[in-house]
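>>> Turn this into a model:
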Amino acid sequence: MSHENESKIDTTPIQLLTEQYKADINKYQEREGLYIKTENQLKATKQIVIEMAGTVRQIHIENENLKAEVSRLLKEIQLLETKIKK
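Model prediction:
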């Protein structure tokens with residue numbers, strides 16, 4: 001092939017393909033970034049839910065303990081009232 005023939009080669013399809021490839025890579029990187037962002041948000045949300053569940057469990061236990069204490073105090077009040085009446 002002579003230099004004349006080489007200069008006549010149309011590189012437009014290669015340039016278009018290269019541009020499309022770059023655009024595709026850019027879209028992929030954007031999607032990958034969005035995936036990573038979403039995954040990090042999910043992990044953070046999961047940790048918040050775990051912590052909240054622990055807090056709810058702790059509050060439930062404290063509530064049950066307070067109910068038991070109220071019940072004990074009511075019985076003690078009844079005993080004292082019974083002693084006072086005698």
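>>> what about D10, helix or strand, and which?
When secondary structure is defined using DSSP states H and E, no element contains D10, which sits outside every helix and strand.
>>> ugh, typo on my part, it should be Q58
Q58 is located in helix 12-85, with elements delineated by DSSP H and E.
>>> Quick one: mean pLDDT over that helix.
Across helix 12-85, the average pLDDT comes to 96.
>>> by contact count, what packs against that helix?
Where contact means 3 or more CB pairs under 8 Å, 6 or more residues apart in numbering; DSSP states H and E, helix 12-85 is not packed against any helix or strand. Just so you know, the C-beta spots here come from the backbone N, C-alpha and C atoms, and that holds for glycine as well.
>>> How much space separates the residue nearest the centre of the chain from I9?
For the chain, the residue lying nearest the average C-alpha position, counting by CA atoms, centre = their mean, turns out to be L42 (2.2 Å). Applying CB to CB, to the nearest Å, one obtains 51 Å for the distance of L42 from I9.
>>> go on, K85?
Separation of K85 from I9 (CB to CB): 114 Å.
>>> Have a look at those two and say which one is more surrounded.
More neighbours surround I9 than the other of K85 and I9, with 9 against 6 (other CB atoms under 10 Å).
>>> pLDDT at that one, what is it?
What the model reports as pLDDT for I9 is 79.
>>> Could you pull up phi and psi at it?
Note on I9: its backbone torsions stand at phi -70, psi 130 [degrees, to the nearest 10].
>>> OK, contacts around T12?
Contact analysis of T12 by CB atoms under 8 Å, 6 or more residues apart in numbering lists nothing.
>>> what number of residues lie near V70?
Applying other CB under 10 Å, we find 10 other residues in the vicinity of V70.
>>> make that K22, sorry
In terms of burial, K22 registers 10 neighbours under the definition other CB under 10 Å.
>>> Since that was my last question, I'll sign off now.
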